[in-house]
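Enquirer: Can you look at this prediction? I've put the sequence above it.
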Amino acid sequence: MKAVLIQRHGGPEVLEIADVPEPHPAPGEVAIKLEAIGVNYIDLYHREGWYPLSLPTVLGSEGAGTVIEVGEGVTSVSIGDRVAFANHLGAYAEVVVVPAGRLVTIPDDVTADVAAAVLLQGMTVHALVNSCARVEPGATVLVHAAAGGVGSLLVQYLVRRVASTVVATASTAEKRTRARRLGAQIVTDYDGFVDAARRLGGVSVAFDGVGRATFDGSLAALAPRGMLVLYGQASGPVPPVDPQILNRQGSIFLTRPSLPHYVATPEELRWRAQAIFADVAAGLLEVTIAERIPLEEARRAHEALAGRTTVGKVILVP
């Protein structure tokens, strides 16, 4: 089968399309013929070595498709079921093997493309809002990169599910227009977000997936006892932080969450996935697929994501 792997860490040029043996499930595992593969910033972090991997390895952590083989002891899914997964390496391929307990069933009214586009980022949003920051109704919240994959879902979820006031950032006029259309009440570029937040008395929570370029501003935008949720590093990793700054900024909180810790059990995984799929099916969450790129052109997908030129989610198609 075809798969995209890396044999060393580096830029998009290290992505290789290769013929590799098709995998078969061990006991407790399931083989899935993939129809759509989500491209996420963590794939770039893996490729660049920010989160080092044992090499060589097939990249990719999210996908959707059809069960074609089940291992011994698997009773939760059957051949022919439509399933999706996130946080499991090996997705940049035509077939992937995943532990049965890490799979979720795709509802009939959700396509494989949408499932692969929303599962990881949608569950991230669900975890950030409901379990990590525990945003209260009516809170004022800052969302960076509000036209991107996670950012656009965060804006919608906070406005439509939590009734928050959202201060959103985006880098271009087109992206800022989209953030407003999704419900953000105050939209600004990256030069103006601190002033916008301070005019409101500061924000209760800042959701920052940009990292180095916005970190200091995100801290400055918080109200006393506010929380900065640093969930990504699209602009690069944040340098070491003196904890005393949390005191000086008003007894604020800083957390660096990772989705696997918030879907640690099959029950929690299904809870978050089913909630997000239900919101998508009900029209509460709009999922925008920026581009469908052939698996063989994974390098172009990484370049588009790294350049922050996309509006919505990039998916690979085997």
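Expert: Happy to help now that I have it. From a predicted model like this one, the values you see are computed outputs, not experimental measurements. Residues are numbered from 1 along each chain as shown.
Enquirer: Quick check: pLDDT value at the residue nearest to Y51 when sequence neighbours are not counted.
Expert: Sequence neighbours aside, Y45 is the residue nearest to Y51 in space, at 4.9 Å (criterion: Cβ to Cβ, 6 or more residues apart in numbering). Quick note: C-beta positions are derived from backbone N, CA and C, even for glycine. As summarised for this prediction, Y45 has a pLDDT of 91.
Enquirer: Next: the one 4 residues further on.
Expert: As summarised for this prediction, G49 has a pLDDT of 93.
Enquirer: contacting residues around the residue nearest to it when sequence neighbours are not counted?
Expert: Leaving aside its sequence neighbours, G49 sits nearest to H9 (Cβ to Cβ, 6+ apart; 3.3 Å). Contacts here follow Cβ atoms under 8 Å, 6 or more residues apart in numbering; on that basis H9 touches 47-49, 52, 55.
Enquirer: From those residues, keep the buried residues only.
Expert: Those of the contacts of H9 that meet the buried threshold are 47-48, by 16 or more other Cβ atoms under 10 Å.
Enquirer: Show me what the strand or helix carrying the residue nearest to Y51 packs onto, helices and strands only.
Expert: Using DSSP states H and E, the element containing Y45 is helix 41-48. Using 3 or more Cβ pairs under 8 Å, 6 or more residues apart in numbering; DSSP states H and E as the contact criterion, the secondary-structure elements in contact with helix 41-48 are helix 298-306.
Enquirer: Which SSE is immediately downstream of the helix it packs on?
Expert: Toward the C-terminus, helix 298-306 is succeeded by strand 313-317 as the next helix or strand (DSSP H and E).
Enquirer: what does that next one contact?
Expert: In this structure, residues lying in contact with strand 313-317 by Cβ under 8 Å, 6+ apart are 4, 35-39, 60, 92, 113, 116-118, 121, 149, 287-295, 298, 301, 304-305.
Enquirer: cutoff 6 Å now
Expert: Contacts to strand 313-317, defined as Cβ atoms under 6 Å, 6 or more residues apart in numbering, come from residues 36-39, 116-117, 149, 289-295, 298, 301, 304-305.
Enquirer: From those residues, list the buried ones, please.
Expert: Under a neighbour-count criterion of 16+ other Cβ under 10 Å, the subset of the contacts of strand 313-317 counted as buried comprises 36-39, 116-117, 149, 289-291, 293, 295, 298, 301, 304-305.
Enquirer: Helices - which of those land there?
Expert: 116-117, 149, 298, 301, 304-305 (DSSP state H).
Enquirer: Output those residues in TSV; the columns should cover pLDDT.
Expert: Putting those into TSV (pLDDT from 0 to 100) gives the following:
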residue	pLDDT
A116	97
A117	96
G149	88
A298	97
A301	95
A304	89
L305	88
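Enquirer: CA-only coordinates of stretch 202-222, as PDB, when you get a sec.
Expert: Provided in PDB are the C-alpha atoms of stretch 202-222 (Å, rounded to 0.1, in the frame of the first residue of the first chain):
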ATOM      1  CA  GLY A 202      -9.300  41.700  30.300                       C
ATOM      2  CA  VAL A 203     -10.500  38.300  29.300                       C
ATOM      3  CA  SER A 204     -11.300  35.400  31.600                       C
ATOM      4  CA  VAL A 205      -9.600  32.800  29.300                       C
ATOM      5  CA  ALA A 206      -7.100  33.100  26.400                       C
ATOM      6  CA  PHE A 207      -7.000  30.200  24.000                       C
ATOM      7  CA  ASP A 208      -3.600  30.400  22.300                       C
ATOM      8  CA  GLY A 209      -2.500  27.900  19.700                       C
ATOM      9  CA  VAL A 210       0.000  30.200  18.100                       C
ATOM     10  CA  GLY A 211       2.700  30.100  20.800                       C
ATOM     11  CA  ARG A 212       5.800  32.100  20.700                       C
ATOM     12  CA  ALA A 213       4.500  35.100  18.700                       C
ATOM     13  CA  THR A 214       1.400  35.700  20.900                       C
ATOM     14  CA  PHE A 215       2.300  34.300  24.300                       C
ATOM     15  CA  ASP A 216       3.300  37.500  26.000                       C
ATOM     16  CA  GLY A 217       0.400  39.400  24.600                       C
ATOM     17  CA  SER A 218      -2.000  36.600  25.700                       C
ATOM     18  CA  LEU A 219      -0.700  36.900  29.300                       C
ATOM     19  CA  ALA A 220      -1.200  40.700  29.100                       C
ATOM     20  CA  ALA A 221      -4.700  40.300  27.800                       C
ATOM     21  CA  LEU A 222      -5.900  38.400  30.900                       C
END
